[in-house]
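coords below, sequence missing:
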């Protein structure tokens, strides 16, 4: 399963900085430039500039491909799960994201029913995908790489789960945690 461009865009926005409301529409190109333009009057994020300048092949090989292999290994179907694993890979590195997936999966020792309509396969058990994702978010919050941007990312994904925004076509919007609203148009 390939992520939609909106999914990739949201994951990239969340990983680039700790923005608290995002709406990604269409393609993810030039996200860093758009974020810096929206951030007029403040110092542009040096990470955002580096992110925007990084070749796609390097980003894909270091973050995207490993994260999507992790998602495929558990049978993730929802855009939100795939994007969250990608977000974790960008924030922490692919190895730490792999550790988080393993820790999350090892927490399930029996089947877990749910209402999401999708299950992942972990340790020989069928687990509701959103139940798995909620546990992943808990593990992410408790990871040794705790930061404010990590907290903001987790809160945004939790708000999307609360709103049952599991799959995204051309747009996705998140709950504002602060007063700053950011809209991304590609």
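Now that the structure is in, tell me what you want to look at. Computed from a predicted model, the values in this text were never measured in an experiment. Numbers count the residues shown, from 1 in each chain.

show me where the protein has strands.
23-25, 119-122, 125-128, 171-173, 184-185 (DSSP state E).

of the ones you listed, which shows the lowest average pLDDT?
Lowest mean pLDDT within the strands of the chain: strand 184-185, at a mean of 41.

tell me how far residue 130 lies from residue 96.
22 Å (C-beta to C-beta, to the nearest Å). Where you see a C-beta, it was placed from the backbone N, CA and C, and this is true even at glycine.

who has more neighbours, the two?
Just comparing residue 130 and residue 96: by other C-beta atoms under 10 Å the higher neighbour count belongs to residue 130, 22 against 16.

apart from its neighbours in sequence, what residue is nearest the more buried one?
residue 116 (4.0 Å; C-beta to C-beta, 6 or more residues apart in numbering).

so what's the residue count around that neighbour?
19.

contact partners for it?
78, 128-131, 166 (C-beta atoms under 8 Å, 6 or more residues apart in numbering).

can I get these in TSV with distance to residue 92?
Output for the contacts of residue 116, formatted as TSV (distance: C-beta to C-beta, whole Å):
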residue	distance to residue 92
78	21
128	25
129	21
130	22
131	22
166	23
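
pLDDT-wise, what's the bottom of the residues you listed?
Among the contacts of residue 116, residue 166 has the weakest pLDDT, 92.

right, and that residue touches residue 128 too?
No. Counting by C-beta atoms under 8 Å, residue 166 stays clear of residue 128, with 11.3 Å between them.

quick one, helices of the chain?
Using DSSP state H, the helices of the chain run over residues 5-16, 31-38, 46-53, 56-59, 65-74, 79-92, 94-106, 129-141, 148-162.

can you tell me which of those the model trusts least?
helix 31-38 (a mean of 47).

next, show the common contact partners of residue 166 and residue 128.
With C-beta under 8 Å, 6+ apart, residue 166 and residue 128 have common neighbours 116, 118.

quick check: residue 139 touching residue 103?
Yes. Using C-beta under 8 Å, residue 139 is in contact with residue 103, at 5.2 Å.

ok, these two, which is more surrounded?
For residue 139 versus residue 103, neighbours defined as other C-beta under 10 Å are more numerous around residue 139 (19 against 16).

who's in contact with the more buried one?
So residue 139 contacts 100, 103-104, 107 (C-beta under 8 Å, 6+ apart).

residue 128: what's its closest spatial neighbour, skipping adjacent residues?
Nearest to residue 128 is residue 114, by C-beta to C-beta, 6+ apart, at 2.5 Å.
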